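I'll drop the sequence and a predicted model, then ask my questions.
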Amino acid sequence: MANRTAAPKPVSLKRFPGLATGAAFFFVYLYLPILFVVFLSFNENRIATIWTGFTFDWYPLVLGNADVLRAAQNSLIVATFASVIATMAATLAALAMTQGRAMRRQEVVNGSLALPLLIPEIVTAVATLIFFVAIGMPLGLLTITAAHTVFCIPFAYLPIRARLEGMDPSLREAAFDLYANERQAFFRVTLPLLWPGILSGLLLAFIVSLDNFVITFFVSGPGSTTLPVYIYGMIRTGVTPEVNAVSALLLLVSLVLVTVALLLSRRET
Amino acid sequence: MSTREAQAERPVEPQAAPQSAPQAAKGAMRGDLGAVRREMARRLALLTPAMGIIILVMVVPLALMLTYSFLTSARYGGVIWEFSTDAYLQFLFVRDLDDSLLFNDTYLRIFARSFGLSLATMGVALLIGFPAALFIALQPPKYRTMLIFLVTIPFWTNLLVRNYAWILLLRDRGLINNTLMDLGVISQPLPLIYNNFGITLGLVYSFIPFMVLPIYASLEKLDWRLVEAAYDLGANRWEALKRVIIPLAKPGIIAGSVLVFVPSLGAYITPQLLGGGRNLMIGNLIQLQFGASQNWPFGAALAFILLAIVLLALVLWALRARRSGTSLKEVEIG
């Protein structure tokens, strides 16, 4: 008995009664709602939240809806342009912030690049709407893309900067020692090593653009409805299996993209 | 030595030998200055696109928003370029028929409600999030990564859809009420939605990853020998938790609380979908000024007041974090 009291101490030290239950509750809370939407999208019953049988009918119905398709197309156009432009700008900014000597006011620049994350979405939405109306720009895909590009920048910037910070600076120095010029060092050394970070940033930016609702809701005009704005309209008119199906599709796209993005950003340098 | 310096000096080297010493020193200095200047120019060029976009489509609009809050409202939306403080007066007063100002707490109440709901959200998120973060921090490293990954994923899925999901769970004929009624626990559906309960639940759900991640970051670094020392000194689990673990996790708890409170205060989707349009929060009030009410200066003023509150909270937090020597970087997502 005396022997047994001493040995298991390091284990019992980290054991709290009820903790596993609490964590299990947390993960159920986190995933139950998402899974329930997907589950109901296969429910045959049109009206109630009661399961009456499996069906795959709602998906073809939604994918055959011209309005849904147009909204999806708008979303893809906006997300593609916004994420590509934001990623290019973020890559350049990350190069400026990580290569060479530490800079004065580095924190100010980092803070400014994170600004779109700190400001409440509704405030950004109001400010952007006022801006576009004041300069006389008609609300449409162009204004949505411009607004999305701004908040895409920090999402692209963070993984790219993290990747650059994890890179060995002597590789680039070696390139210079071997008489590479700035351009060659970038395209032959930095860029090939940076690709996973850039791709990860691009995907994250693409997701946040694809999923954005509040800012889009403010700066979209007639005919430039994106998928989330369209879904919002559907929800307001009532809970239907179509909403469940299109929501499940949107969830799926985000899940796949974010998994790829996070796996890419975890890859060793 | 940085790569830039190495590159800048190389062409100077072959020329340096035949020159006299002072000249060479001068040349090197000039070269150095040139290199510094070139580096600055390169940096500036690289930063221009990102900073340019943020300044043009975010900073300028915010300045314009502030300007609009001091203009006169046009009848059908937009503004008349005439200075006015009406928007800010309207926040606290109504104009009586004889033009005197009467105190009016309608909007102040909506702000107070939003504060209350955001604080409740913060509290509930902490209550659910802390045990989860502690649990994850106590797992073997290979499981930790997986679990943190699972915490992060919902953050990247559509916020609108995640809130919509709660309608399916909470409404009168939703999963929870149906299950409880089928089990015979209740005979009437519980009022779970279109009230403060529904809003709080939805807000916690929307932002809980922001609570778990920073707390986990604090706990992961925790030196468990300190907890062991507490046990050796006769503390039980609860005392060790209260007097060692929680104080050491405090930077994470504070960061998490701020990161949940701030987006809750400006929430729009959750109160709109789960509050049923009757339980307004600041976000909905702002949106109304650009929709049904068509009072842009008032909307701009409300947005500016919200922004000021949020920035104040962030600045206070940053000052605190600096004093206690923790870095804001710890809480970055992704």
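Perfect, thanks for sending it. Values in this document were obtained by computation on a predicted structure and should not be read as measured data.

check contacts around whichever residue of the stretch 201-334 of chain B sits closest to chain A.
Residue of the stretch 201-334 of chain B nearest chain A, by Cβ to the nearest Cβ: residue B:266 (3.1 Å). In this view, the C-beta of every residue, glycine as well, is placed from N, C-alpha and C. By Cβ atoms under 8 Å, 6 or more residues apart in numbering or on different chains, the contact set of residue B:266 is A:120, A:121, A:122, A:123, B:282, B:283, B:306, B:310.

list the buried ones in the helix or strand hosting residue B:263?
Assigned by DSSP states H and E, residue B:263 belongs to helix B:250-265. Residues of helix B:250-265 classed as buried: B:251-265 (neighbour count, 16 or more other Cβ atoms under 10 Å in any protein chain shown).

which strands or helices does it pack on?
Judged by 3 or more Cβ pairs under 8 Å, 6 or more residues apart in numbering or on different chains; DSSP states H and E, the packing partners of helix B:250-265 are helix B:106-137, helix B:196-220, helix B:296-323.

which of the contacts of residue B:266 has the most neighbours?
Within these, most neighbours by other Cβ atoms under 10 Å in any protein chain shown means residue A:122, with 30 neighbours.

pLDDT averaged over the helix holding residue B:263 - what is it?
Mean pLDDT, taken over the full extent of helix B:250-265, equals 92.

so which elements touch the helix or strand following that helix?
Later in the chain than helix B:250-265, the nearest helix or strand by DSSP H and E is helix B:269-274. Contact here means 3+ Cβ pairs under 8 Å, 6+ apart; on that basis helix B:269-274 packs against helix B:159-170, helix B:196-220, helix B:282-290.

how about helix B:269-274 as CSV, C-alpha atoms only?
Extracted in CSV, the C-alpha atoms of helix B:269-274 (Å, rounded to 0.1, in the frame of the first residue of the first chain):
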residue,chain,number,x,y,z
ILE,B,269,-26.6,38.0,-37.1
THR,B,270,-27.3,36.3,-33.8
PRO,B,271,-29.8,38.8,-32.4
GLN,B,272,-31.4,39.1,-35.8
LEU,B,273,-32.0,35.3,-36.1
LEU,B,274,-32.3,34.2,-32.5
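
from the chain's centre, how far out does the helix holding residue B:263 sit?
8 Å (Cα atoms, centre = their mean, to the nearest Å).

ditto for stretch B:186-204
Distance, centroid of stretch B:186-204 to centroid of chain: 25 Å (Cα atoms, centre = their mean).

same question, stretch B:246-263
Offset of stretch B:246-263 from its chain centre (Cα atoms, centre = their mean): 12 Å.

ok, and what's touching that stretch?
A:118, A:120-121, B:118-119, B:121-122, B:125-126, B:129-130, B:133, B:204, B:206-208, B:210-219, B:222, B:226, B:310, B:313-314, B:317, B:320-321, B:324, B:326, B:328, B:330-331.

quick one: contacts for residue B:73?
Contacts of residue B:73 (Cβ under 8 Å, 6+ apart): B:79, B:80, B:86, B:87, B:294, B:295, B:296, B:297, B:298.

pull up the pairing partners for the helix or strand the second one falls within, direction included.
Looking back up the chat, that one is residue B:80. In the assignment (DSSP H and E), residue B:80 maps to strand B:79-83. Paired with strand B:79-83 in the same sheet, following DSSP bridges, are strand B:71-73 (antiparallel).

is it correct that residue B:47 is in contact with residue A:109?
Yes. Contact criterion Cβ atoms under 8 Å: residue B:47 and residue A:109 qualify, at 6.6 Å.

pick out the residue of the stretch 101-250 of chain A closest to chain B.
residue A:120 (3.1 Å).

which non-adjacent residue is nearest that residue?
residue B:266 (3.1 Å; Cβ to Cβ, 6 or more residues apart in numbering or on different chains).

please save the CA atoms from stretch B:182-198 in PDB.
C-alpha atoms of stretch B:182-198 as PDB (Å, rounded to 0.1, in the frame of the first residue of the first chain):
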ATOM      1  CA  ASP B 182     -41.600  13.000 -26.600                       C
ATOM      2  CA  LEU B 183     -39.900  12.000 -23.300                       C
ATOM      3  CA  GLY B 184     -42.800  13.500 -21.400                       C
ATOM      4  CA  VAL B 185     -40.600  15.800 -19.500                       C
ATOM      5  CA  ILE B 186     -42.600  18.800 -20.600                       C
ATOM      6  CA  SER B 187     -46.100  19.200 -22.100                       C
ATOM      7  CA  GLN B 188     -45.600  22.700 -23.600                       C
ATOM      8  CA  PRO B 189     -42.500  23.800 -25.600                       C
ATOM      9  CA  LEU B 190     -40.000  25.800 -23.500                       C
ATOM     10  CA  PRO B 191     -39.400  29.300 -24.700                       C
ATOM     11  CA  LEU B 192     -35.800  28.800 -25.800                       C
ATOM     12  CA  ILE B 193     -35.700  31.100 -28.800                       C
ATOM     13  CA  TYR B 194     -36.500  34.800 -29.600                       C
ATOM     14  CA  ASN B 195     -35.400  35.900 -26.200                       C
ATOM     15  CA  ASN B 196     -32.200  36.700 -24.300                       C
ATOM     16  CA  PHE B 197     -31.600  33.000 -23.600                       C
ATOM     17  CA  GLY B 198     -31.500  32.200 -27.300                       C
END
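
any idea how far residue A:22 is from chain B?
Relative to chain B, residue A:22 is positioned 4 Å away (Cβ to the nearest Cβ, to the nearest Å).

what sits against that residue?
B:128, B:131, B:132, B:135.

just residue A:121 next, same as before
Contacts of residue A:121 (Cβ under 8 Å, 6+ apart): A:214, A:215, B:263, B:266, B:268.

and the residue lying closest to the second one once chain neighbours are set aside, how many neighbours does it have?
Nearest in space to residue A:215, with sequence neighbours left out and distances taken as Cβ to Cβ, 6+ apart, is residue A:125 at 4.5 Å. As a burial measure, the neighbour count of residue A:125 was computed by other Cβ under 10 Å and equals 27.

surely residue A:125 and residue A:213 touch.
No. Checked against Cβ under 8 Å, the pair residue A:125 and residue A:213 is beyond contact range at 9.7 Å.

most neighbours, which of the contacts of residue A:22?
If you rank the contacts of residue A:22 by neighbour count (other Cβ under 10 Å), residue B:132 sits at the top with 25 neighbours.

contact partners for that one?
A:22, A:23, A:26, A:27, B:151, B:212.

tell me where the model's unsure across chain B.
B:1-31, B:324-334 (pLDDT under 70).

let me see the domain layout of it.
By the record's domain assignment, chain B is partitioned as B:3-68, B:106-331 (automatic domain parsing).

deepest of these, which one?
Highest mean neighbour count among the domains of chain B (mean count of other Cβ atoms under 10 Å in any protein chain shown): domain B:106-331, with a mean of 19.

return the distance of that domain from the chain's centre.
With Cα atoms, centre = their mean, you get 10 Å for domain B:106-331.

same thing with stretch A:216-230?
Distance, centroid of stretch A:216-230 to centroid of chain: 19 Å (Cα atoms, centre = their mean).

pick the one among the contacts of residue B:266 closest to residue B:237.
Nearest to residue B:237 among these, counting by Cβ to Cβ, is residue B:310 at 37.8 Å.

secondary structure class for residue B:139?
coil (DSSP: H, G, I helix; E, B strand; the rest coil).

ok, and the closest non-adjacent residue to it?
Here the residue nearest residue B:139, using Cβ to Cβ, 6+ apart, is residue B:147, at 6.4 Å.

so where does the one you found fall, helix or strand?
helix B:141-152.

thanks a lot, catch you later.
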